[in-house]
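1. The sequence isn't on hand, but the structure is:
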């Protein structure tokens, strides 16, 4: 049972975990041991609430396919159990970030004193530049 929050949990039978051979450097261990984990989670067939499913399906993440399947490949660690834990933690983090509601940004205003300071510095600069002009006698 993967517990996401107080009221959201995923049963183990809904998560497919397959051990595969890892890619990249690692020598003999990588070549003969299937230590990487390939995780697949079908959003449509899950026991997640409908609202959570919709939030996941609309969440912009490359790990979520157009068919609604989350695919995570964990091969960071040397041991299969560590990669399994890493894959499950990444799934948990993905679901948590997808269901959190972003706060609406409140636009802020400039303070009166900051506007006053900016205008005063502009005036000082303008006066300094006006002193550089050539003086003509008429």
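-> Everything's here; your move. On a predicted model such as this, the values are computed, not experimentally measured, just so you know.
2. Residues in contact with the worst-scoring helix or strand of the chain on mean pLDDT: which ones?
-> Sorting the helices and strands of the chain by mean pLDDT, DSSP states H and E puts helix 28-32 at the bottom, at a mean of 78. Helix 28-32 has contacts (C-beta atoms under 8 Å, 6 or more residues apart in numbering) with 21-24, 35, 78. Backbone N, C-alpha and C define where each C-beta goes, glycine included.
3. of those, closest to residue 61?
-> Set against residue 61, the nearest of those by C-beta to C-beta is residue 23 (21.4 Å).
4. returning to what we had before: lowest-confidence entry in the contacts of helix 28-32?
-> Among the contacts of helix 28-32, residue 24 carries the lowest pLDDT, at 77.
5. From residue 35, how far off is that residue?
-> Computed as C-beta to C-beta, to the nearest Å, the residue 24 to residue 35 distance reads 12 Å.
6. Looking at those two, which is more packed in?
-> residue 35 (22 against 7; other C-beta atoms under 10 Å).
7. Leaving aside the residues adjacent along the chain, what's closest to that one?
-> In this structure, residue 35 finds its nearest non-sequential neighbour in residue 80, 4.7 Å apart by C-beta to C-beta, 6 or more residues apart in numbering.
8. For that neighbour, give its distance to residue 32.
-> When residue 80 is compared with residue 32 (using C-beta to C-beta), they lie 13 Å apart.
9. The two: which is more packed in?
-> residue 80 (18 against 9).
10. quick one: that one and residue 38 touch, right?
-> No - Residue 80 is not in contact with residue 38 according to C-beta atoms under 8 Å; the separation is 11.4 Å.
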